[in-house]
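*Asks:* Task: produce atomic coordinates for the following.
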Amino acid sequence: AIRAGAGTFVTHLDLQSSAVLQGQIWRLLSYGLLHDGVGHLIGNLLLFYFFGLDIERQFGSKRLWVITALCIMGGGVLATLSASLGISAPNPVIGASGGGLGLLVCWCLLHARRSISLFGILPLTGQQLLLLAVCLEILLAVSPGGASSSATHLGGMLSGWALITGASNPLRWRQKMRLA
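*Replies:* Predicted structure coming up:
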């Protein structure tokens, strides 16, 4: 859906940290369905297209949906935490950028040595693209007037990393603790 004013539909689906903390947990996923204009929507769709296709081929459609949803929710959790701690402004958040950037991280980790051409001119490996994306997001997070919700982006990226590396699996933690 594209945001069309601040009607009841939008205000009950966007990510508002105070509402999530009051129990409206559906907002941790529903905000990803709203976008602030066609450009915002197209930008996110391009992330899903370029990085989601390979992930879908490797894991299947259902797992792609699960990975995307978990990255969107991870972005929502970090944005809510960041706003509630006063690290970022408690502004409402919309868009699926956390999911798209989570897929980018997943793709980069799965295809670290694969080369792609950024904007058709700059050849980068998955490792280089990951480093560039993380550095740009951190730069936007610390710069005045930066990205609208760097916490959402970073949360989606962290979720993608945790899902692909297995860091999100408590059983794997136990196995590692036994080996240490």
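*Asks:* can you pull out the strands in the protein?
*Replies:* Using DSSP state E, the strands found in the chain span residues 115-118, 122-125.
*Asks:* Same list (those) but as TSV, adding mean neighbour count, mean pLDDT and distance to G43.
*Replies:* All C-beta spots, glycine's among them, are computed from the backbone N, C-alpha and C. TSV is the format used below for the strands of the chain (neighbours: other C-beta atoms under 10 Å; pLDDT from 0 to 100; distance: least, C-beta to C-beta, whole Å):
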stretch	mean neighbour count	mean pLDDT	distance to G43
strand 115-118	12	86	15
strand 122-125	13	92	18
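*Asks:* Quick check: which of those is nearest to L29?
*Replies:* Among the strands of the chain, strand 115-118 comes nearest to L29, with 29.1 Å by C-beta to C-beta.
*Asks:* That closest one pairs with which strands, parallel or anti?
*Replies:* strand 122-125 (antiparallel) (DSSP bridges).
*Asks:* Let me have the strands of the chain in CSV, extended by distance to G37.
*Replies:* Listed next are the strands of the chain as CSV, based on distance: least, C-beta to C-beta, whole Å:
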stretch, distance to G37
strand 115-118, 24
strand 122-125, 27
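*Asks:* Would you tell me which of those strands gets closest to L136?
*Replies:* Among the strands of the chain, the nearest to L136 by C-beta to C-beta is strand 115-118 (11.7 Å).
*Asks:* centre of the chain versus the closest one, how much separation?
*Replies:* Per C-alpha atoms, centre = their mean, to the nearest Å, the displacement of strand 115-118 from the mean C-alpha position of its chain is 21 Å.
*Asks:* Also stretch 66-82?
*Replies:* The chain centre lies 6 Å from the centre of stretch 66-82; the measure is C-alpha atoms, centre = their mean.
*Asks:* And it, what's buried?
*Replies:* 67-82 (16 or more other C-beta atoms under 10 Å).
*Asks:* Identify, from those residues, the entry nearest to L45.
*Replies:* T68 (12.0 Å).
*Asks:* Am I right that the closest one is in contact with G99?
*Replies:* Yes: if you go by C-beta atoms under 8 Å, T68 and G99 touch, sitting 4.6 Å apart.
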